[in-house]
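Novice: Everything below, folded, please.
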Amino acid sequence: MQAISTAICSFGMSGRVFHAPFISLHPGFQLHSVWERSKKEAAQFYPRVKSADTLEDLLADDAVELVIVNTPNYTHFEYAKKALEAGKHVVVEKPFTTTTAEADELNALAKEKGLVLAVYHNRRWDSDLLTVKQVLQQGLLGEVVEASISFDRFKEELSPKVHKEQPHPGTGVLYDLGSHLIDSALLLFGMPEKVFADIRIVRPISQVDDYYEVLLYYPNNLRVRLHSSYLVREAGAGFILHGAKGSFLKSRADIQEADLLAGKKPEGAGWGREPEGAQALLHTEKDGMVIREEIPILQGNYMGFFDGLQAAIRNGAPAPVPGTEAARVIRIIEAAHQSSREGRVVAL
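Specialist: Residues are numbered from 1 along each chain as shown. This next block holds a predicted model:
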C-alpha cells in the first residue's frame, strides 16, 4: 500500500517532537515536506524532506496528500480551511479551533469534499487514560458518581513561545491543557448537560488564564471536575474516580512526552511503558470481597493515532479523533468561559 505523503506546517516543538518522529517511523506515511518560514532545520533530522517557504507552496505540491496543521491556535481554522480547499486530508493540533462556528465550518467542508479531518488529541493514547478507560469498561467501580481529572504544572516563568502568552483567541491554559482534559471526560463519560467554571490568572506576570476549575454536570447525578494550574509544585493524582462499589486513583505518569523531548524514538517493546512505582490504586468490592490493590498499567503509544489515521485515509475507517468529536471540546470551552464571566451554570 502506498505511503501517505505528508506535510507539516511547522517544525517547532510540536512538529519536531509530536509529529515528525511518528510520521517518519510509520510504514504507512512518508514525511514529504515542512513549511519553514525562516530557519531551515528539518533537513538536519530528515535529509530527504522538502522545505516550503510558504503555505501556498506547500499546498500547491500535488504529491502532498495529508497536511498537519500544528501552528499557533488562532491560525488553525485559516490554515486547515486552505488545506481542505486544496484537496488535502488534514490533521489539526489541539485545540481544534478557537470557536465552535469555525469547527463546524471545517467539518462541513471536509464532508463536502470527502476528505479526512482529524484532530490530534494524542493523550487518548496515554497510559493513564487507557488504564482508567479499562477500569470503567470492566465495571470495577459500579456506577460512577464523581470523577476528578487534573493536569497541573509548576511554571513561574512564561513560555518562550510568545504566541502562547499573548491574549490572542485560543490562548490560555483551558485551551491548552484543558483541551486534553475535556476530551478525556468526553471519551470516558460522553457529553455533559451543563457546565460551571472558574477561570483566572494566578501568576502576576501572566496575560492569559493559567488556572481553571471546570465542573461538568451529567445525568444520573454524575459530576466530573477538571482542573489545571501552573502553580502546583506537588501534583496529586491525575485521575480520581468514585463509584457505588469503590474508588480508583491514578497518578499522571505517562512518559511519552518526556521521552520524545529527550530525543528518543517512539519504537521498541518498551515504548510508552510507565516506570516502576507509578501508582494505580483500586479500592473496591469484587466477588463479594473488598479489595485494595495496585493494578497493572496499560502501555501508552501515540502511534495508535497514526494507525487510525492511515486506516481512515486508505480504507475509509472512521478518523481516530474526528473533527465532529473535537468540536464538542471547543463547545465546552466556550461554555466554560461564559460561565466564568457570568458566574453561573451554563446549559449545553
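Novice: Which positions in stretch 168-184 come out as buried?
Specialist: Of the residues in stretch 168-184, 168, 170-184 count as buried by neighbour count, 16 or more other CB atoms under 10 Å. The way it works is simple: take the backbone N, C-alpha and C, and place the C-beta from them, glycine included.
Novice: Check stretch 133-153 too.
Specialist: V135, L136, L140, L141, V144, A147, S148, I149, S150, F151, D152.
Novice: Excluding chain neighbours, what is closest to G238?
Specialist: Leaving out its chain neighbours, the residue that sits closest to G238 by CB to CB, 6 or more residues apart in numbering is R252, at 3.0 Å.
Novice: Around that neighbour, how many other residues sit close by?
Specialist: When neighbours are counted by other CB atoms under 10 Å, R252 registers 19.
Novice: The one 4 residues further on now?
Specialist: Q256 has 24 neighbouring residues, counting by other CB under 10 Å.
Novice: That one: what's it in contact with?
Specialist: Contacts for Q256 (CB atoms under 8 Å, 6 or more residues apart in numbering) come out as D126, P266, W271, G272, G300, N301, Y302.
Novice: Please parse this structure into its domains.
Specialist: Domain segmentation of the chain under automatic domain parsing yields 4-122+305-317, 126-301+332-347.
Novice: could the ones you listed go into TSV alongside mean pLDDT?
Specialist: Converted to TSV, the domains of the chain look like this (pLDDT from 0 to 100):
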stretch	mean pLDDT
domain 4-122+305-317	96
domain 126-301+332-347	94
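Novice: Can you say which of the ones you listed is packed in most?
Specialist: Across the domains of the chain, averaging neighbours per residue (mean count of other CB atoms under 10 Å) puts domain 4-122+305-317 on top, at a mean of 20.
Novice: before we move on, the earlier item: out of the buried residues of stretch 133-153, list just those in helices.
Specialist: V135, L136 (DSSP state H).
Novice: from the buried residues of stretch 133-153, which is closest to F45?
Specialist: F151 (28.6 Å; CB to CB).
Novice: Please tell me how far the closest one sits from L141.
Specialist: For F151, the distance to L141 equals 21 Å [CB to CB, to the nearest Å].
Novice: Leaving out sequence neighbours, find the closest residue to S14.
Specialist: Closest to S14 by CB to CB, 6+ apart is N70, at 4.2 Å.
Novice: wait, doesn't that neighbour sit right on C9?
Specialist: Yes. If you go by CB atoms under 8 Å, N70 and C9 touch, sitting 5.7 Å apart.
Novice: Which neighbours do these two have in common?
Specialist: When contacts are counted by CB under 8 Å, 6+ apart, N70 and C9 have G15 as shared neighbours.
Novice: show me the contacts for K113.
Specialist: Contacts of K113 (CB under 8 Å, 6+ apart): L84, G87.
Novice: cool, E157 as well?
Specialist: I205.
Novice: Likewise for L109?
Specialist: K81, L84, E85.
Novice: 6 Å instead, please
Specialist: L84 (CB atoms under 6 Å, 6 or more residues apart in numbering).
Novice: Helix, strand, or coil at it?
Specialist: Here L109 is helix, with the state taken from DSSP: H, G, I helix; E, B strand; the rest coil.
Novice: how far away is it from I297?
Specialist: Distance from L109 to I297, by CB to CB: 40 Å.
Novice: what does F196 give?
Specialist: 32 Å.
Novice: go on, S10?
Specialist: Distance of S10 to I297, computed by CB to CB: 33 Å.
Novice: what does M289 give?
Specialist: Distance from M289 to I297, counting by CB to CB: 23 Å.
Novice: for this protein, what spans make up the helices?
Specialist: Using DSSP H, helices in the chain cover 13, 20-25, 42-45, 55-60, 76-85, 100-113, 127-137, 162-165, 173-189, 256-261, 303-315, 323-342.
Novice: Which stretch among those helices approaches L282 most closely?
Specialist: Closest to L282 of the helices of the chain is helix 127-137 (CB to CB; 6.9 Å).
Novice: got the contact list for the residue most central in space within the chain?
Specialist: What sits nearest the mean C-alpha location of the chain, by CA atoms, centre = their mean, is H121, with 2.8 Å. Listed by CB under 6 Å, 6+ apart, the contact set of H121 reads K94, D183, V321.
Novice: same thing but 10 Å
Specialist: H121 is in contact with 93-96, 179-180, 182-184, 186-187, 305, 320-321, 325-326, 329, counting by CB atoms under 10 Å, 6 or more residues apart in numbering.
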